[in-house]
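Colleague: how would this look folded up:
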Amino acid sequence: MKHFLPILPALILAACGAESDQIDPVDPAEQATPREIHERILVIDSHLDTPANLSKADFDIVADNPTQMGQVQVDLPKMQRGGLDGGFWVIFTPQGPLDEASYAAAKQAALTRSDEIIAMVEAHPDEFELAYTADDAERIVADGKRIVFQSIENSYPLGTDLTVLEDFYERGVRLVGPVHFRDNQFADSATDLSATDLGGLTPLGEELVREANRLGMMVDGSHAADSTVEDIMEISTTPIVLSHSGVKALYDHPRNIPDDLLRRVAENGGVIQMNALGSYIENLESPAERTAALEELAASFEGRSPFDLSDEEREQYMARRGEIDSAYPMPLSSFEVFMEQMLYALEIVGPDHVGMGADWDGGGGVAGMEDVSFLPKVTERLMEEGYTEADLEKIWGGNLLRIMRQVEAAKAQ
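Modeller: Next up, the predicted model:
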């Protein structure tokens, strides 16, 4: 539960013989530490890949699980230590073939992941609660619980039937991203550089944005090509969210956004939620042993992408990939590099358009910010840079809830 500093009681000065007009009043806010401020504001992360862990036998959401960089970084004790009130719990589906059988399998996988999120909440009703509106989020925090919004990363499971999106809306999905690593039926991906350029959103992708507007869902431009982001802003009646992105000016990666487009996102009322996945925020050299092992792995599957494998093959691939990650881990980026990204975005578009979406449990995390328990460090650093409590309220959750309220109002109209 968030704790607000009490108003200081009137000083009783007569007993010590002092005159009240000799004492300057003390403003409690001026005496608050960064940690106290962090604890009393609403703190939301827009991209929690934690649902991928919910089906694992060795993971318990209410236990203090051992931190594993990029894989196990969010659970209730870590959220409590880090003052994280909740966020958007991701329904992620890898991209696969664009055919009816694959769409059906992807849809079932996405529904199963949503079921797991809902089951987690139902199993721990005193700790978590599903949220459907911006007001819900504030009420849940006031009740001492953690917020569970749902989001879709990669709309591939919708197939070509957009009525399915309403089914997910009814489950609590309030943020939807059209695309992931590869181009799909909806849009160009930022990272599918070898595929035919679709020109941004496809006609079906345009309908997806309109349906999200109708239902009252925010639209997520992370993983989308710049042309796709531009198309979303052209069509959507509400501002866009970049749920876990970085700035290209500091590191030229396809997943990052250039200054001119970032400014347009802000001018449109949108927000960039800062990513903390190391290889997206600086050039990290892969160890030679890791490179060789990955090349051997790719060769063993005849150079096919994991997205083109059968379920059994993909399971084998991912098991071997996990072994490689453990034996030859990638070097880590640093907290300072992450903060450079955030401070640059704040300089370009200001605190009304920046937030946090670190990609926890999906590859995110840096040395010095290995899991969500370290989030107060961000508040401390931002205060050192001169950002106020009002700024922090926007950055940590206010901007997202502002857009959510705009989306809710647009739906009502």
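Colleague: OK, contacts around Asp136?
Modeller: 129, 147 (C-beta atoms under 8 Å, 6 or more residues apart in numbering). Quick note: C-beta positions are derived from backbone N, CA and C, even for glycine.
Colleague: for Ile395, same thing?
Modeller: Shown in contact with Ile395 (C-beta under 8 Å, 6+ apart): 346, 351, 354-356, 382, 387.
Colleague: Mind doing that once more with 6 Å?
Modeller: 351, 354-355 (C-beta atoms under 6 Å, 6 or more residues apart in numbering).
Colleague: can you redo the residues you listed as CSV with neighbour count, secondary structure and pLDDT?
Modeller: Listed next are the contacts of Ile395 as CSV, based on neighbours: other C-beta atoms under 10 Å; DSSP: H, G, I helix; E, B strand; the rest coil; pLDDT from 0 to 100:
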residue, neighbour count, secondary structure, pLDDT
Pro351, 19, coil, 98
Val354, 26, strand, 98
Gly355, 26, strand, 98
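Colleague: Among those, find me the one that's closest to Phe301.
Modeller: Distance to Phe301, by C-beta to C-beta, is smallest for Gly355 among the contacts of Ile395, at 38.0 Å.
Colleague: The residue lying closest to the closest one once chain neighbours are set aside: neighbour count?
Modeller: Excluding its sequence neighbours, the residue lying closest to Gly355 (C-beta to C-beta, 6 or more residues apart in numbering) is Gln273, at 4.4 Å. By other C-beta atoms under 10 Å, 27 other residues sit near Gln273.
Colleague: Which strand or helix spans Gln273?
Modeller: Secondary structure assigned from DSSP states H and E places Gln273 in strand 271-274.
Colleague: Any regions of the stretch 301-413 of the chain where pLDDT drops low?
Modeller: By pLDDT under 70, the low-scoring segments of the stretch 301-413 of the chain are 305-307.
Colleague: hang on, the earlier thing: quick check: buried residues in the very next helix or strand once past the strand holding Gln273?
Modeller: Next helix or strand after strand 271-274 toward the C-terminus (DSSP H and E): helix 278-281. By neighbour count on 16 or more other C-beta atoms under 10 Å, the buried set for helix 278-281 is 278, 280-281.
Colleague: what does stretch 124-136 give?
Modeller: Buried, per 16+ other C-beta under 10 Å, within stretch 124-136: 127-134, 136.
Colleague: quick one: which of those sit in helices?
Modeller: Those of the buried residues of stretch 124-136 mapping onto helices are 134, 136, per DSSP state H.
Colleague: remind me which residues of the protein are low pLDDT?
Modeller: For the chain, the stretches with pLDDT under 70 are 1-30, 195, 305-307.
Colleague: what's the single longest helix in it?
Modeller: Counting by DSSP H, the longest helix found in the chain is helix 100-123.
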